[in-house]
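Novice: need a structure here:
(chains A and B)
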Protein chains: 2
Amino acid sequence: MTTALTVCLAQLDFTVGAIHENTAKILATIRRHGNDNDIIVFPELAITGYPPEDLLLRDDLYAAVDNAVEQISAAASDAVVIVGHPQRVGEETFNSLSVLHRGECLQRYHKQRLPNYDTFDEQRYFIPGQQNAVFEWQGQRIGLLICEDLWHPLPLQRLLEDDIDWVLSINASPYQLDKHEQRLSVLQQRSSECGKPIVYLNNCGGQDELVFDGHSLVLASDGSVAAELPHCQTLCASIEINAASVQLVGEWPTAASTLSSQALVYQALVLAVRDYVQKNGFNGVVLGLSGGIDSALTLALAVDALGADKVRAVMMPFKYTSSMSLEDAEQQARQLAVDYQVVSIEPMFNAFMQQLQTLFGDAEVDTTEENLQSRCRGVLLMALSNKHRALVLTTGNKSEMAVGYATLYGDMCGGFAPLKDVPKLLVFELAKYRNSLSPCIPERVISRPPSAELAPDQVDEDSLPPYSDLDRILALYVEQDWSVTDIIAAGFNDQDVRRIVRLVDLNEYKRKQSAVGPKITTRNFGRDRRYPITSHYRYELQRQDA
Amino acid sequence: MTTALTVCLAQLDFTVGAIHENTAKILATIRRHGNDNDIIVFPELAITGYPPEDLLLRDDLYAAVDNAVEQISAAASDAVVIVGHPQRVGEETFNSLSVLHRGECLQRYHKQRLPNYDTFDEQRYFIPGQQNAVFEWQGQRIGLLICEDLWHPLPLQRLLEDDIDWVLSINASPYQLDKHEQRLSVLQQRSSECGKPIVYLNNCGGQDELVFDGHSLVLASDGSVAAELPHCQTLCASIEINAASVQLVGEWPTAASTLSSQALVYQALVLAVRDYVQKNGFNGVVLGLSGGIDSALTLALAVDALGADKVRAVMMPFKYTSSMSLEDAEQQARQLAVDYQVVSIEPMFNAFMQQLQTLFGDAEVDTTEENLQSRCRGVLLMALSNKHRALVLTTGNKSEMAVGYATLYGDMCGGFAPLKDVPKLLVFELAKYRNSLSPCIPERVISRPPSAELAPDQVDEDSLPPYSDLDRILALYVEQDWSVTDIIAAGFNDQDVRRIVRLVDLNEYKRKQSAVGPKITTRNFGRDRRYPITSHYRYELQRQDA
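Specialist: Residues are numbered from 1 along each chain as shown, chains lettered A, B, ... in the order given. The predicted structure is shown next:
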């Protein structure tokens, strides 16, 4: 039996484009862990961060990456370093992995399966590798794979012909609900095909609309989970591994799989907010509190991500704002100890209406006046943002974004939308979860019927079906591409379904100008779902042609 | 010698998703031209419009497309119909072309080369065809290709082994500056390789940020241009063709190649505005006039696209607005006979400042107050838009969008940005071109130094290098991916280059929330250039690593 190799899993956060910082982080990790490990592993495209998008089209990027690879290779360390980076070879670009040691590149592997669906565009940048790569070290043969390679049987099958002892996969796998279970199931499938240990290392951090949740895994040769790194936390941890066994080295943190699904989502959102704010160099955030549940939850996320001293909340009442809303907003702000101000939008609203009078003539009151209220609030928040260099968090949820219940340049103002991919029912669940840690959202904010308070006694469910139906219809149409006919056949009200689908179709123009926000479902509004604004695709057609 | 076939080129506009309307248009064309032609040809993906984006992921779309293909095939006509559409075959989806006649599909071809760069994402949806397809009719053998196929030598080379008489390529090729020359050069290259006539049919119409300019071509077997359809106009025209000759049938319109490059761009922008407004069902447009050249040119485009009765212009002065600006805006509106109003933003601005006083404390005046002016204007325009169901045209140009000289939720408010991809120097050229048709932009609007008029005596070039330098630096950095080092080496001021590049990098967040606008350069801000917002890629790094 061969002795075991000690392998350090560096589940760290690599910022996109930060070649210099990322390299420094890799070098610091090598200095710290290089003497106690045989191998240190970093995630997919660690040197550039993931996804670098069209930075990958810049020639100057590759000069910088080559230089970084050289620096890492030259690091004086006993440990072999395995790291992901883009690699130019002549005119071709690969998504690669290098095995570096004492100034040499011992092995290089080019990713064979390039995802080009959902959030991924790898075929825009890379060409697929054609070769297996096995790295032999101290008598052990390690089969090398990158992310998507492992989601298909073939790359591993081909590796098995090369007589490997275990498999190493480096990843940049974004979080979504139940993603961990999906990964585990794929890994166990591969494990059953190969009967070898599999080391699966993931990236960890927020990047625009993606959250990489870490949650790296090591499977023993029998497919059982031998090691699990935390969810949404950066850290380094080591294992001892050979073809027959996997052992943890030192103290390991509690496994993430003990967390509830609400906790997993909540932590992913916190990480997303923190990284967006910090990586983009803001002093903090500002947001409008309405007294409703969306802004209440957003406030809690912001405080948990950044600390109360980095968060400003503003309540901007108008004549339709209830006293209950004013009380609840104040209570939320007080409970979380954030800076809180109340500023009426009445004078601005009236000034606009006065000036618009001549232009509007005797046109009837319609949603124009509702939008105007929302836009006065947006302008106010943006002024605070500009003056304090604080990012505006916008508070809309996925259900609203889907049907367009949001005002462009009004409550949609903001740089980041923490709840953009969170359906309303999940907003309620997350609020309850957050209260279970420490109470911060007044109970009646959760229990009262949601209202935009843009007209007297307005309630969301006056103009929308109950959220329980709405969210299910939206999931079928938006995330699963069901036809209108099939959704109705599943038991929903015909008119409701047609109306909701029509609203989703018509409101693409709003979503195109919306702030980015973290993906947490199987299909977010953003990189996952790329719809034309100009589109005459309508359910009537499908029906007629059915 | 074989007799000639009469082929009708249907350079028409197919709206994305409008399967029913598009099919009706195809059927009407067949009714009108079916008896006088042997073959009628429609563009790439005519049935769904191009690009359908993620509509292609919907199963119900393929049922509707199959139904459309059947209807077209069943049209009682002597002519064979050749039409592009997506095609599901089992689990696989192709970008296909069908040859239809009297209820039968005589031939089907799947596109072999799927572009996945610049604006194109075809590998997200389609898998490449592997087979040649030749359609034989009345003794002539026609080699079939789709768009990108012709930009590579191999698909045509393989067709030549099949003993073809001429080549037919159906396309959805978006306009950009000098695109026609590029197409002609590629076609002539292919022609020199094959020595056969080439029929190149393009789509014609605006679709979000793309303009398909038509400008279809027929090359004779010696590579000379035998026929050229107009630029940005829909029409049907016929040729008689065999391996040896190409003849025009009936009256043909004047060739587009007689137009100046300014005229070509101008017409593309007009088509883009018209199609966006009409296809999205707006009653007209509204825009803010500043007295400057960008809004003046946008106004002219809007009037040329829609007619004066569909255009409202508003001048929204503040204390920094010069009397010259007021005069010039009024003159523009009068000359183009559009509805024109003047509404001061002073009362709204003052109401905001009053309410913000307590929040700002004794913070110094900065760009916050400038942005506030711009946002008061934006809110006003949006109120008009809402009340009149008129689309707001935003007036910013590419140079401004590049460096972020625009206010988010202020002058960036709007659904369509006609000048979004037009650099400032080209704005001047287009203004002069438009005046050469009929004077509508006062001379001094063109000759005075551009100013945002957000502060006393403000002039753009106080804070930016001269537009002649700015636009060249931007073209090198944004469109050609030059490194900072190389741009400086080309003779530009070191500090200017660094500052501009830094501004471009920092302002991605604004562009991500900007209105769509027509692509006219080799790389627009939009589908062509996909940059992360969160990015630490900075020129300093490139320098250090150089």
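Novice: Stretch A:398-408 and chain B, are they touching?
Specialist: Yes. Stretch A:398-408 is in contact with chain B by C-beta under 8 Å from any C-beta of the partner chain, via A:Leu408. Every C-beta, even on glycine, is put in place using the N, C-alpha and C of the backbone.
Novice: residues from the stretch 351-500 of chain A in reach of chain B?
Specialist: Close to chain B, as judged by C-beta under 8 Å from any C-beta, the stretch 351-500 of chain A has residues A:351-352, A:354-356, A:358-360, A:363, A:366-368, A:371-372, A:375-376, A:378-380, A:382-384, A:386-387, A:408-409, A:413, A:415, A:481, A:483-485.
Novice: Would you show me how to pick out the buried ones of the residues you listed in PyMOL?
Specialist: Applied in PyMOL, the following selects the buried portion of those according to 16 or more other C-beta atoms under 10 Å in any protein chain shown:
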select buried, chain A and resi 351+352+355+356+359+360+368+371+372+375+376+378+379+380+382+383+384+386+387+408+409+413+415+481+483+484
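Novice: Helices - which of the residues of the stretch 351-500 of chain A next to chain B land there?
Specialist: Among those, DSSP state H puts A:351-352, A:354-356, A:358-360, A:367-368, A:371-372, A:375-376, A:378-380, A:382-384, A:386-387, A:484-485 in helices.
Novice: Just to check, A:Asp528 is in contact with A:Tyr117?
Specialist: No. Counting by C-beta atoms under 8 Å, A:Asp528 does not reach A:Tyr117; the two are 9.1 Å apart.
Novice: Neighbour count for the two, which is higher?
Specialist: Set A:Asp528 next to A:Tyr117 and count neighbours by other C-beta atoms under 10 Å in any protein chain shown: A:Asp528 wins out with 21 against 13.
Novice: What separation do you get for the more buried one and chain B?
Specialist: 9 Å (C-beta to the nearest C-beta, to the nearest Å).
Novice: now do A:Met315
Specialist: Taken as C-beta to the nearest C-beta, the span from A:Met315 to chain B is 12 Å.
Novice: And A:Lys25, by the same measure?
Specialist: Counting by C-beta to the nearest C-beta - A:Lys25 and chain B are separated by 12 Å.
Novice: following the strand or helix carrying that residue, which helix or strand comes up?
Specialist: Per DSSP states H and E: A:Lys25 is located in helix A:19-33. Counting by DSSP H and E, the element after helix A:19-33 in chain order, helix or strand, is strand A:39-41.
Novice: Pull the distance from that next one to the chain's centre.
Specialist: Its chain's average C-alpha position is 26 Å from that of strand A:39-41, according to C-alpha atoms, centre = their mean, to the nearest Å.
Novice: What strands line up against that strand, and which way round?
Specialist: Taking DSSP bridges as the criterion, strand A:39-41 sits next to strand A:5-11 (parallel), strand A:80-89 (parallel) in its sheet.
Novice: Make a markdown table out of those strands and add mean pLDDT and distance to A:Gln513.
Specialist: Below are those laid out as a markdown table (pLDDT from 0 to 100; distance: least, C-beta to C-beta, whole Å):
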| stretch | mean pLDDT | distance to A:Gln513 |
| --- | --- | --- |
| strand A:5-11 | 98 | 35 |
| strand A:80-89 | 98 | 31 |
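Novice: can you redo those as JSON lines with mean neighbour count?
Specialist: Converted to JSON lines, these look like this (neighbours: other C-beta atoms under 10 Å in any protein chain shown):
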{"stretch": "strand A:5-11", "mean neighbour count": "24"}
{"stretch": "strand A:80-89", "mean neighbour count": "23"}
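Novice: Nearest to A:Gly288, out of the ones you listed?
Specialist: strand A:5-11 (35.8 Å; C-beta to C-beta).
Novice: how much does that closest one deviate in direction from helix A:19-33?
Specialist: 140 degrees (axes from the mean of the first three to the mean of the last three C-alpha atoms, to 10 degrees).
Novice: ok, and what's touching the helix holding A:Lys25?
Specialist: Residues from elsewhere that reach helix A:19-33, judged by C-beta atoms under 8 Å, 6 or more residues apart in numbering or on different chains: A:8, A:10, A:12, A:14-15, A:40, A:42, A:46-49, A:61, A:64-65, A:68, A:71-72, A:75, A:77, A:79, A:81, A:83, A:236, A:238, B:536-537, B:541, B:544-545.
Novice: Good, wrapping up.
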